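> what follows is a predicted structure for the sequence shown.
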Amino acid sequence: MDKTEDKKDGHSEGAKEQVVLSEDQRASVTSLIKDIFAQNSLGSFAAPEYAAKFENLLHMLISENEKYNLTAITEPADIILRHFADSLTCSGYIPSGAVTADVGCGAGFPCLPLCIVRSDICMTAIDSTGKKLAFVKAAADALDVKLSIHEGRAEQASELRERFDCVCARAVAPLPALCELCLPLVRVGGRFIAMKGASASDELRAAANAIKILGARVSSFDEFTLSDAGKRGIIVAEKISNTPAKYPRMWAKIKKDPL
Ligand code: SAH
């Protein structure tokens with residue numbers, strides 16, 4: 001969805017600094033959050049206790065992005081729509097109290113917005129890029145939300161195999177490959193939530209075989225429009241049997257020869 005290239009010379013210094021905003025800046029961000037969430041049937045997530053955290057996250061992202069390129073999306077209204085609101089569309093698919101992982105979380109999407117509004121879930125953010133994860137952890141601490149991190153490639157995280165009630169992912173890989181990264185981490189009876197764009201139905205067709213081989217079945221597929229950002233599709237695959245031990249394969253194999 002977005003390009004998240006790192007500046008070669010950049011260093012993460014975490015998100016510890018408090019961003020001081022004028023009253024006017026705060027008021028305009030608050031009203032953007034209210035409007036954009038309301039336009040997308042997410043109005044309840046703009047309640048004051050959440051809105052204050054979204055404002056802080058917005059300013060941490062913007063100030064950290066000035067140091068190194070965490071996300072290609074940099075305008076406040078775009079961040080609120082394409083990162084915050086989009087991430088929150090996943091919330092309704094996560095069961096109460098679920099032990100959840102976000103595979104390839106990048107700068108913290110969907111995991112950080114989900115943690116803000118879902119204090120009931122226990123979130124692990126997984127990414128192969130340490131400096132993005134350092135930002136995610138520092139932001140979670142500054143926002144006072146519960147989140148742990150796992151640095152490394154999802155397909156190599158054997159210690160996390162079949163440990164999660166729920167695994168979600170956005171903008172990481174085409175669905176057949178993504179299933180091989182994510183489904184091995186889901187416990188039997190748990191679910192994988194794939195957040196996709198306009199290509200969702202084509203990707204779902206292409207992934208039918210992978211979903212079956214990896215021990216899952218599709219339990220729902222919802223398509224909707226995210227106000228000005230275009231079509232979205234959320235696919236939920238329920239794990240019905242253990243993933244065969246030979247999966248996941250190494251990334252080069254997954255990519256070259258997707259299931
Ligand atoms: N989910 C975020 C970031 C998308 S960019 C968002 O929607 O904004 C893709 C991210 O996935 C990058 O941060 C990259 O480091 C990570 N990634 C790609 N393949 C991965 C893998 N096999 N295991 C763990 N992280 C991976």
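Received, thanks.

> all strands of the stretch 1-150 of the chain, in order?
99-103, 122-127, 147-151 (DSSP state E, counting those that start in this stretch).

> give me the pLDDT for the closest residue to Ile62 other than its chain neighbours.
Of all residues not flanking Ile62 in the chain, Thr74 sits nearest, at 6.8 Å (C-beta to C-beta, 6 or more residues apart in numbering). Just so you know, the C-beta spots here come from the backbone N, C-alpha and C atoms, and that holds for glycine as well. Thr74 carries a pLDDT score of 83 in this model.

> tally of neighbours for Thr74?
The number of residues packed near Thr74 is 14, by other C-beta atoms under 10 Å.

> phi, psi of it?
phi -130, psi -10 (degrees, to the nearest 10).

> pretty sure it is touching Asn65, no?
Yes. Counting by C-beta atoms under 8 Å, Thr74 touches Asn65, with 5.9 Å between them.

> common neighbours of the two, please.
With contacts defined as C-beta atoms under 8 Å, 6 or more residues apart in numbering, no residue is adjacent to both Thr74 and Asn65.

> circling back to that earlier point, most packed of the strands of the stretch 1-150 of the chain?
Mean neighbour count, computed with mean count of other C-beta atoms under 10 Å, is highest for strand 99-103 among the strands of the stretch 1-150 of the chain, reaching a mean of 26.

> flag every residue of the stretch 151-259 of the chain that's near the ligand.
Within the stretch 151-259 of the chain, the positions lying close to the ligand (C-beta under 6 Å from any ligand atom) are 153-155, 170-172, 181, 251.

> determine which two of those residues are furthest apart.
With distance counted by C-beta to C-beta, no two of these lie farther apart than Arg170 and Trp251, which are 18.4 Å apart.
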